[in-house]
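> What follows is a predicted protein model with its sequence.
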2 protein chains.
Amino acid sequence: MSRKTKGINAERELVHKFWGSDSWSAVRIAGSGSMKYPSADILATNKIRKLAIECKTAKKPWKYISKEEIEQLKTFSEIFGAEPYIAIKFRKKDWLFLSLDDLEETDKAYMTNIEIAEKKGLLFEELIR
Amino acid sequence: MSRKTKGINAERELVHKFWGSDSWSAVRIAGSGSMKYPSADILATNKIRKLAIECKTAKKPWKYISKEEIEQLKTFSEIFGAEPYIAIKFRKKDWLFLSLDDLEETDKAYMTNIEIAEKKGLLFEELIR
């Protein structure tokens, strides 16, 4: 399975989780990553809150995310009135949702790892509560 | 060019028009038409208004749109707090934007044609005014 297909499958899994919940809906946004405009992978809403989510899967116990990607997510969230989140799925772990403040900033990128994500991140049920 | 590719190109053209305007932003929504959830082709916003847009191109001087598609657009718009619009591009004509009330309802589908669309529809500049 290609990296792109894996990414899309992960996004679809999350979209299903939102629709499967009591009061949330979500859509995948097309062309995120390839278009030059600010974007996110998923936009979710319960009519009161809106979440703009960038999805990441990690084979290793850490993950680096480029500063540009975070900037795009931030800008998109401001424009669409949404709260920005990074959704991250480490191997054999549940999805964890990190707000941008929970990321560690390095010289060239933001990063997180299993330890930080499990300490600071929200589980899906906590996110939509 | 496949029908799907043509559709995506039409959507991209509209997304560019929004970003090219003074105060509007837009994203293409993935999987519209193939997923079972309410959706639209484009979500646009100027931070105050939100528009949920279904894009149609027409070779003939008329266009039929299934009732299911309109229902999905309506539901999506309610969930995401957006105004629903049909964007239609007839051959050699500019994009025209119709609200759902501007469509003619037939037994099995909604329809519009060049005459109605030119009379009731908004040009892009009028839509975003």
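It's in.

> Quick check: pLDDT value at the residue of chain A most remote from its centre.
In chain A, the residue that sits farthest from the middle, by Cα atoms, centre = their mean, is A:D107; the gap is 21.6 Å. With respect to pLDDT, A:D107 scores 95.

> Look up how far chain B lies from it.
30 Å (Cβ to the nearest Cβ, to the nearest Å). C-beta here means a position set from N, CA and C on the backbone, and glycine is covered the same way.

> Measure how far stretch A:19-26 is from the centre of its chain, please.
With Cα atoms, centre = their mean, to the nearest Å as the basis, stretch A:19-26 stands 16 Å off its chain's centre.

> what's the answer for stretch A:8-18, then?
11 Å.

> So for it, what gets flagged as buried?
Buried positions in stretch A:8-18, judged by neighbour count with 16 or more other Cβ atoms under 10 Å in any protein chain shown: A:I8, A:A10, A:E11, A:R12, A:L14, A:V15, A:K17, A:F18.

> go on, stretch A:15-33?
So, applying 16+ other Cβ under 10 Å, buried residues of stretch A:15-33: A:15, A:17-18, A:21, A:24-32.

> can you list contacts of that stretch?
Stretch A:15-33 is contacted by residues A:8, A:11-12, A:14, A:39-47, A:54, A:69, A:95, A:124, A:128, B:12, B:27-31, B:35, B:37-39, B:43, B:76, B:79-80 when judged by Cβ atoms under 8 Å, 6 or more residues apart in numbering or on different chains.

> Please list the residues of chain A that sit near chain B.
A:12, A:15, A:19, A:25, A:27-31, A:35, A:37-39, A:43, A:45, A:47, A:76, A:79-81 (Cβ under 8 Å from any Cβ of the partner chain).

> Sitting in strands, which of those residues do you find?
A:S25, A:V27, A:R28, A:L43, A:T45 (DSSP state E).

> Could you export these as JSON lines, including pLDDT and distance to A:E115?
Listed next are those as JSON lines, based on pLDDT from 0 to 100; distance: Cβ to Cβ, whole Å:
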{"residue": "A:S25", "pLDDT": "97", "distance to A:E115": "33"}
{"residue": "A:V27", "pLDDT": "96", "distance to A:E115": "32"}
{"residue": "A:R28", "pLDDT": "95", "distance to A:E115": "29"}
{"residue": "A:L43", "pLDDT": "98", "distance to A:E115": "29"}
{"residue": "A:T45", "pLDDT": "98", "distance to A:E115": "31"}
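
> B:A117 versus A:K4, what's the distance?
37 Å (Cβ to Cβ, to the nearest Å).

> Those two - which one has more neighbours?
B:A117 (25 against 10; other Cβ atoms under 10 Å in any protein chain shown).

> need the contact list for that one.
B:I88, B:F90, B:L96, B:L98, B:D102.

> Taking the buried residues of stretch A:15-33, tell me the two that lie furthest apart.
For the buried residues of stretch A:15-33, the farthest-apart pair by Cβ to Cβ is A:S21 and A:G31; their separation is 26.1 Å.

> low pLDDT regions in chain A?
A:32-35 (pLDDT under 70).

> same thing but at 80, please
A:1, A:3-4, A:6, A:31-35 (pLDDT under 80).

> Is it possible to get JSON lines of the buried residues of stretch A:15-33 that adds distance to A:Y64?
Formatted as JSON lines, the buried residues of stretch A:15-33 follow (distance: Cβ to Cβ, whole Å):
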{"residue": "A:V15", "distance to A:Y64": "25"}
{"residue": "A:K17", "distance to A:Y64": "25"}
{"residue": "A:F18", "distance to A:Y64": "26"}
{"residue": "A:S21", "distance to A:Y64": "30"}
{"residue": "A:W24", "distance to A:Y64": "29"}
{"residue": "A:S25", "distance to A:Y64": "31"}
{"residue": "A:A26", "distance to A:Y64": "26"}
{"residue": "A:V27", "distance to A:Y64": "27"}
{"residue": "A:R28", "distance to A:Y64": "23"}
{"residue": "A:I29", "distance to A:Y64": "22"}
{"residue": "A:A30", "distance to A:Y64": "25"}
{"residue": "A:G31", "distance to A:Y64": "22"}
{"residue": "A:S32", "distance to A:Y64": "18"}
